[in-house]
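Student: just the structure for this:
(one chain, ligands or ions: 1)
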Amino acid sequence: MKVAIIGFGSVGKGIASIIRDKGLGITVTAIADSKSAAIDNSGLDIQSVFIAKENSGLCGKIGLTPDDVISEADFDVLIEVTPTDAETGEPALGYIRKALSSGKHVITSNKGPVALKYPELKELADENGVELKFEATVCGAIPIILSLQNGLAGNDIKRIYGVFNGTCNYILTRMADEKLTYSQALLEARELGYAEADPTYDVMGIDAAIKLVILANTVLGYKKSLEDVEIAGINMITSESLQLAGEDDLTIRLIGEIDCEKELLRVMPRVLPKNHTLVVHGTLNAVTAETDLAGEVTLIGRGAGSVETASAIIADLLFIRKLNGRCA
Ligand code: HSE
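Tutor: Numbering: from 1, shown residues only. I've put the predicted structure just below:
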């Protein structure tokens, strides 16, 4: 199976390193970053692309664009992992439309296009007989979409709630455990590659809200947008408030919730007992689905990170290969 990767930041590098190290029968024919691209239809030497990026900041030839990659490279699946723009979804939306229209499968970790245009993109994929997969958009490594769509099929889902943003969880954990200030903890989360390119998306609760919109529209069949979500972030939370809560064995977590009975979506900091199931640490995410048949099901796992997010992309890739028989 041949893949082209657009975006060579934290997630793109994670995917490339997994394919370099594990093989998995996957050939990477193109990699593009924001300023350059490398294309070799017989298969790129991934390590050389890493070295070029390290030495020059570029993964390939200046002037070659993601659009060139989609038009010129030979690939079965486009892996689109550029930074999210929650307002327009661009430029990712254009790349995804172009690839789907050319009969290529698309896997994306990009929340903007899926949150904004899922019905249109799904229709385009169906018209062209290809797959559009986006497991990595919600909760990183946790197979939340797969679990809700398949593992809990036949259940009525009453409520979905939990920790959807690894950066906020990391910041709250570091502030409570190490008494770091909000700014110090945010800086760490950025340096470790957990935060969005624009970290205000994380700390203001927007990233978690986008994930709720994606789940609502793709799994529950709602037609929600970001404006429909009641949102408060963690930017006003101080180390002192966490210390005070801690004295009563409580702590604070940013909790996203979909109330399926009222079709309500909200994200806000909540005070929870320290031993609550959803009080996970570091970049872990934790999501509980309340259902009629299975009762409560909670999934916990790494919600952010390079290889962790890439894990969801690789799973989507192998799913597409299985569904379509082995591509050349
Ligand atoms: N910035 C996001 C987070 C990355 O911290 O959860 C994963 O979506």
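
Student: any stretches of the stretch 201-328 of the chain with poor pLDDT?
Tutor: For the stretch 201-328 of the chain, the stretches with pLDDT under 70 are 326-328.

Student: in it, what residue is nearest the ligand?
Tutor: Ala304 (3.8 Å; Cβ to the nearest ligand atom). Backbone N, C-alpha and C define where each C-beta goes, glycine included.

Student: for that residue, grab the count of nearby residues.
Tutor: Using other Cβ atoms under 10 Å, Ala304 is surrounded by 29 other residues.

Student: am I right that it is in contact with Gly282?
Tutor: No: assessed by Cβ atoms under 8 Å, Ala304 is found out of contact with Gly282, at 9.5 Å.

Student: intersection of neighbour lists for these two?
Tutor: Counting by Cβ atoms under 8 Å, 6 or more residues apart in numbering, the shared contacts of Ala304 and Gly282 are Gly166, Tyr170.

Student: follow-up on the earlier one: helix, strand, or coil at the residue of the stretch 201-328 of the chain closest to the ligand?
Tutor: Of the three states, Ala304 takes coil under DSSP: H, G, I helix; E, B strand; the rest coil.

Student: which non-adjacent residue is nearest it?
Tutor: Gly166 (3.2 Å; Cβ to Cβ, 6 or more residues apart in numbering).

Student: ok, now Leu254?
Tutor: Cys168 (4.3 Å).

Student: burial count for the one you found?
Tutor: With other Cβ under 10 Å as criterion, Cys168 counts 34.

Student: tell me where the stretch 151-300 of the chain has strands.
Tutor: 157-163, 229-231, 250-259, 264-273, 284-291, 296-302 (DSSP state E, counting those that start in this stretch).

Student: partner strands of the third one and their direction?
Tutor: Listed by DSSP bridges, the sheet partners of strand 250-259 and their directions read strand 157-163 (antiparallel), strand 264-273 (antiparallel).

Student: ok, residues contacting the shortest one?
Tutor: When you say that, I think you mean strand 157-163. If you take Cβ under 8 Å, 6+ apart as the criterion, strand 157-163 is touched by 148, 169, 212, 215, 219-220, 253-261, 278, 280, 284-292, 298, 303.

Student: distance from that strand to the middle of the chain?
Tutor: With Cα atoms, centre = their mean, to the nearest Å as the basis, strand 157-163 stands 18 Å off its chain's centre.

Student: one more: stretch 81-95?
Tutor: With Cα atoms, centre = their mean as the basis, stretch 81-95 stands 13 Å off its chain's centre.

Student: tell me the buried residues in that stretch?
Tutor: Val81, Thr82, Pro83, Thr84, Asp85, Ala86, Gly89, Pro91, Ala92, Leu93, Tyr95 (16 or more other Cβ atoms under 10 Å).

Student: please convert these to TSV, extending it with pLDDT and secondary structure.
Tutor: Output for these, formatted as TSV (pLDDT from 0 to 100; DSSP: H, G, I helix; E, B strand; the rest coil):
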residue	pLDDT	secondary structure
Val81	98	coil
Thr82	96	coil
Pro83	92	coil
Thr84	89	coil
Asp85	90	coil
Ala86	88	coil
Gly89	95	coil
Pro91	97	coil
Ala92	98	helix
Leu93	98	helix
Tyr95	98	helix
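
Student: who touches stretch 183-201?
Tutor: In contact with stretch 183-201 (Cβ under 8 Å, 6+ apart) are residues 9-10, 83-84, 86, 166-167, 170-172, 174-175, 180, 202-203, 206-207, 210, 283, 304-306.

Student: now do the phi/psi pair for the nearest residue to Gly112 once chain neighbours are set aside.
Tutor: With sequence-adjacent residues excluded and distances taken as Cβ to Cβ, 6+ apart, Gly112 is closest to Gly89, at 3.9 Å. Per-residue torsions, Gly89: phi 80, psi 0 (degrees, to the nearest 10).

Student: what's near enough to touch Gly89?
Tutor: Listed by Cβ under 8 Å, 6+ apart, the contact set of Gly89 reads Asn110, Gly112, Pro113, Ala115, Leu116, Lys117.

Student: so which of the residues you listed belong to strands?
Tutor: Using DSSP state E, the subset of those located in strands is empty.

Student: quick one: which of the residues you listed is most hemmed in?
Tutor: Highest neighbour count within those, by other Cβ under 10 Å: Pro113, with 30 neighbours.

Student: surely it meets Ile96?
Tutor: Yes: assessed by Cβ under 8 Å, Pro113 is found in contact with Ile96 at 5.5 Å.

Student: so what sits against both of those two?
Tutor: Residues touching both Pro113 and Ile96 (Cβ under 8 Å, 6+ apart): Leu121.

Student: so which residues of the stretch 51-200 of the chain form helices?
Tutor: Using DSSP state H, counting those that start in this stretch, the helices found in the stretch 51-200 of the chain span residues 66-72, 92-101, 111-127, 144-146, 166-178, 182-191, 200-203.

Student: which of these sits closest to Leu272?
Tutor: Nearest to Leu272, of all those, is helix 166-178, at 10.8 Å by Cβ to Cβ.
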